[in-house]
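In: Task: produce atomic coordinates for the following.
(2 chains, ligands or ions: 1)
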Amino acid sequence: MRKVYMVSGGITKFVKASPEKNFQLMVKDAFDYAMKDVPKLNKDMIDGCVASYFSDHFARQLMAGIMVQDYLGLCPKPGKRIEGGGATGGLCFQSAYEAVASGRMEVCVAYGFETMSHVETWKGNEFIALASDTNYDYPVGGFYSGYYAMMVVRHMHEFGTTREQLAKVSIKNHRNAYYNPYSQKRMKITVKDVLNSEMVAWPLTRLDICTMSDGAAVCILASEKMAEKLTDKPVLITGVGTGTDAMRMADRPHGNVMLLPHEKASDYKNLKYPGVHSFRAGRAAAKQAYEMAKITNPLKELDVIELHDAYTSSEVQTYEDLGLCKYGEGGKFVEEGYPFLPDIDYGLNLPKQGVLPVNPSGGLIACGHPVGATGLMQAVFMHWQVQGSIKKHFGDDKLQVKNAKRGLIHSHAGTGTYVTATIMERGF
Amino acid sequence: MANGENKKSPKLEETMEGNILYNLDPIIMKYHYEIDYIHSYAQDSPFFAGLVKGKIMGTRCDKCNYGYATPKTHCMQCGSPTKWVEVPLEGKVHTWTTCYFGGEAFLKETPFNLVLVEFEGFDSLFLSRLIGAEQKDIKVGMKVQARFRRKSKFDPTDVYFVPA
Ligand SMILES: [Zn+2]
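Out: Numbers count the residues shown, from 1 in each chain, chains lettered A, B, ... in the order given. Model (predicted):
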């Protein structure tokens, strides 16, 4: 396979509703931003595209992808749509990677969007719940926050994880968002605020959960030859991994942990895995990406992570899947401060503050989750982190992880059915 | 033109059906959409038929003996066909939550409890509602008992659980 670089990215600010712009125009805005960042690139040099959006229900439009392709003026170039629930963006990014790695394309555009404001919030929750087995799960009370709540209740039972630990993820992500102009929820909150916020599904409150949004994001990927021409700050994609698991949580096996190089079977003697407390797909994705990027100790070898924090609980569960700590230690990992940024005052006592910043952007919790755009948003933020260009794009370098050379992005679909992990490194 | 003088000019029929507008700039309006599906439970039909008879029908793999408390008609482990078997009507709460909100279809039922139930001799779990217990009463590991609707809906809510 050939080397693949990300050369540019763009996003719209994610918002609760953007009735003044349809999905075509939102993508166009993000696309124009990305094109402006690499002025040597013109449309003729683009070989094709991959479209990312999750829901035909939200769009009220089949084949919305082609409507973006024509609006961008990219017909009759190759194009297709990728769909995999919440991981749609991550899967789309990897599909564009494959197009370039295989030699089929020199330059491939990954674009994504979602327009979730087209229905009322609780109708939206119903649509999302249709991404659970509609024979066995949905009719019982289909509600994603309920599904994730059940998963974290088991995590708490298995490992002693606490609501206070989850709340610290919320504090971190809302606080980081203060310095991200693309975020929509900037809040200085305390553990108490999170615990006392309105209960949605025990133990998850409104401040533990991301919000549905409208938004778009675009990533431009290129071969080595083209990346050299287009930018002096290319970002090399050194690892891609994708995992899957059964749709029904009830069907998840209770077997042995899939070990990473720095773990031993004896670490997990009595643990039945993944059960419903962990995401086997996330572990599988990480394992492949680490093997490809030759990472053996992710906590030491990664500088920054943007991961899929649809829930504070799933961020904690994901620390473990990614092997940043052992299974069961995710709560302690956040409590001790590892995933916080080093130079921000969170109002918490964090002895290990800033060891490996996770979601410096504020993540889904503070930026929002317009599904098809989300995984690409993470790639755009990571691109800027690894380029060292956060200040240029945010107007402030408070969120720039110093000397960030290698980062991981992580995209995740409903209850851990599809998960992607992608490693991005400084290519200059 | 000369002929046209005798004819009415063509016109679309005017109707009283209009749209509900929420905003003019940009124009935001209501769009209604509804559909009836012709849905088959196909090879899973014995499960739904079982609920009507007060049984939870699961499956078991002939080859590797993996027990599915929520049926799979082929084994996820080894790919062999499974056979239908009855799941015990008493199990334990593997995990749970109380939903204070929900999808629109379920909002009127909130708060409600969801449980994943584990059964002796079965490897996979079963998603259901737990009735007759409040959030403070529910614990992982508590024993629960299946009950069935008298008027079946032919969906998985025909069975629900209560504290045993
Ligand atoms: Zn089998």
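In: chain center to stretch B:126-142: distance?
Out: Taking the mean of its C-alpha atoms, stretch B:126-142 sits 18 Å from the chain's own mean (Cα atoms, centre = their mean, to the nearest Å).
In: Then stretch A:63-77?
Out: On Cα atoms, centre = their mean, the centre of stretch A:63-77 falls 25 Å from that of its chain.
In: And for that stretch, what's in contact with it?
Out: Outside stretch A:63-77, the residues within contact range by Cβ atoms under 8 Å, 6 or more residues apart in numbering or on different chains are A:23-25, A:27-28, A:31, A:43, A:46-49, A:51, A:53, A:56, A:61, A:79-81, A:109, A:111, A:113. C-beta: built from backbone N, CA, C; applies to glycine.
In: Now the buried members of the residues you listed.
Out: A:23-25, A:27-28, A:31, A:46-49, A:51, A:53, A:79, A:81, A:109, A:111, A:113 (16 or more other Cβ atoms under 10 Å in any protein chain shown).
In: Now, the contacts of stretch A:63-77 that are in strands?
Out: A:48-49, A:51, A:81, A:109, A:111, A:113 (DSSP state E).
In: and the residues you listed near chain B, which?
Out: By Cβ under 8 Å from any Cβ of the partner chain, no member of these lies near chain B.
In: burial of B:Glu134, as a residue count?
Out: Residues contacting B:Glu134 under the criterion other Cβ atoms under 10 Å in any protein chain shown number 10.
In: Show the pLDDT at it.
Out: Listed pLDDT for B:Glu134 reads 95.
In: Would you enumerate the residues in contact with it?
Out: B:Thr98 are the contacts of B:Glu134 under Cβ under 8 Å, 6+ apart.
In: tell me the average confidence for the helix or strand hosting A:Met377?
Out: Element membership for A:Met377, per DSSP states H and E: helix A:371-387. Mean per-residue pLDDT for helix A:371-387: 98.
In: hmm, that helix touching chain B?
Out: No: for helix A:371-387, no contact with chain B is found by Cβ under 8 Å from any Cβ; the gap never falls below 15.9 Å.
In: what element comes up after that helix heading to the C-terminus?
Out: helix A:390-394.
In: Can you name every helix or strand that that following helix contacts?
Out: helix A:371-387 (3 or more Cβ pairs under 8 Å, 6 or more residues apart in numbering or on different chains; DSSP states H and E).
In: redo that, cut-off 6 Å
Out: Applying 3 or more Cβ pairs under 6 Å, 6 or more residues apart in numbering or on different chains; DSSP states H and E, we find helix A:390-394 packed against no helix or strand.
In: Tell me which residues of whatever helix or strand comes next after it come out buried.
Out: Next along the chain after helix A:390-394, taking DSSP H and E as the criterion, comes strand A:406-412. For strand A:406-412, the neighbour count (16+ other Cβ under 10 Å) marks A:406-412 as buried.
In: tally of neighbours for the residue of the stretch 201-350 of chain A found nearest the ion?
Out: Residue nearest to the ion within the stretch 201-350 of chain A: A:Pro253 (11.9 Å; Cβ to the ion). Other residues within reach of A:Pro253, judged by other Cβ under 10 Å, total 17.
In: Quick check: the gap between the closest residue to A:Lys233 other than its chain neighbours and A:Ala96.
Out: Leaving out its chain neighbours, the residue that sits closest to A:Lys233 by Cβ to Cβ, 6 or more residues apart in numbering or on different chains is A:Gln387, at 4.6 Å. A:Gln387 sits 18 Å away from A:Ala96, going by Cβ to Cβ, to the nearest Å.
In: What average pLDDT does stretch A:401-418 get?
Out: The model assigns stretch A:401-418 a mean pLDDT of 97.
In: Could you tell me the end-to-end distance of it?
Out: One end of stretch A:401-418 to the other measures 28 Å (Cα to Cα, to the nearest Å).
In: Would it count as contacting chain B?
Out: No: using Cβ under 6 Å from any Cβ of the partner chain, stretch A:401-418 never reaches chain B; the gap is at least 11.2 Å.
In: Around B:Ile35, how many other residues sit close by?
Out: Using other Cβ under 10 Å, B:Ile35 is surrounded by 4 other residues.
In: Looks to me like it is in a strand.
Out: No: B:Ile35 is assigned coil when assessed by DSSP: H, G, I helix; E, B strand; the rest coil, not a strand.
In: Backbone dihedrals for it, please?
Out: Per-residue torsions, B:Ile35: phi -150, psi 140 (degrees, to the nearest 10).
In: ok, B:Arg60 - contacts?
Out: B:Arg60 makes contact with B:67, B:82-83, B:85 under the criterion Cβ atoms under 6 Å, 6 or more residues apart in numbering or on different chains.
In: what's the most distant pair in those residues?
Out: By the measure Cβ to Cβ, B:Gly67 and B:Lys83 form the most distant pair in the contacts of B:Arg60, at 10.8 Å.
In: following the helix or strand containing A:Lys168, which helix or strand shows up next?
Out: Element membership for A:Lys168 (DSSP H and E) is helix A:163-176. Sequence-wise, the next helix or strand downstream of helix A:163-176 (DSSP H and E) is helix A:191-196.
In: C-terminal to that following helix, what's the next element?
Out: strand A:199-201.
In: The stretch 51-200 of chain A against chain B: which residues are in contact?
Out: A:122-123, A:125-126, A:129, A:136-137, A:139-143, A:146, A:149-150, A:153-154, A:157, A:199-200.
In: from these, which ones fall inside strands?
Out: Short answer: these in strands (DSSP E) are A:199-200.
In: Give me the buried subset of the residues of the stretch 51-200 of chain A next to chain B.
Out: For these, a neighbour count by 16+ other Cβ under 10 Å gives the buried set as A:123, A:125-126, A:129, A:136-137, A:139-143, A:146, A:149-150, A:153-154, A:157, A:199-200.
In: what about A:Glu224, how many neighbours?
Out: 16.
In: quick one: it and A:Lys3 touch, right?
Out: Yes: using Cβ atoms under 6 Å, A:Glu224 is in contact with A:Lys3, at 4.7 Å.
In: quick one: low-confidence parts of chain B?
Out: Across chain B, the ranges flagged by pLDDT under 70 are B:1-6.
In: Please enumerate the helices of it.
Out: Assigned by DSSP state H, chain B shows helices spanning B:45-52.
In: same for the lengthiest strand in it, what does it pack against?
Out: Ranked by residue count, the top strand of chain B under DSSP E comes out as strand B:90-99. Judged by 3+ Cβ pairs under 6 Å, 6+ apart, the packing partners of strand B:90-99 are helix A:144-159, strand B:112-118, strand B:143-148.
In: Can you give me the buried ones in that strand?
Out: Taking 16+ other Cβ under 10 Å as the criterion, strand B:90-99 shows B:91-99 as buried.
In: rewinding a little: out of the ones in strands among the contacts of stretch A:63-77, which one sits closest to chain B?
Out: A:Phe113 (17.3 Å; Cβ to the nearest Cβ).
In: which residues touch the closest one?
Out: So A:Phe113 contacts A:23, A:26-27, A:53, A:216, A:372-373 (Cβ under 6 Å, 6+ apart).
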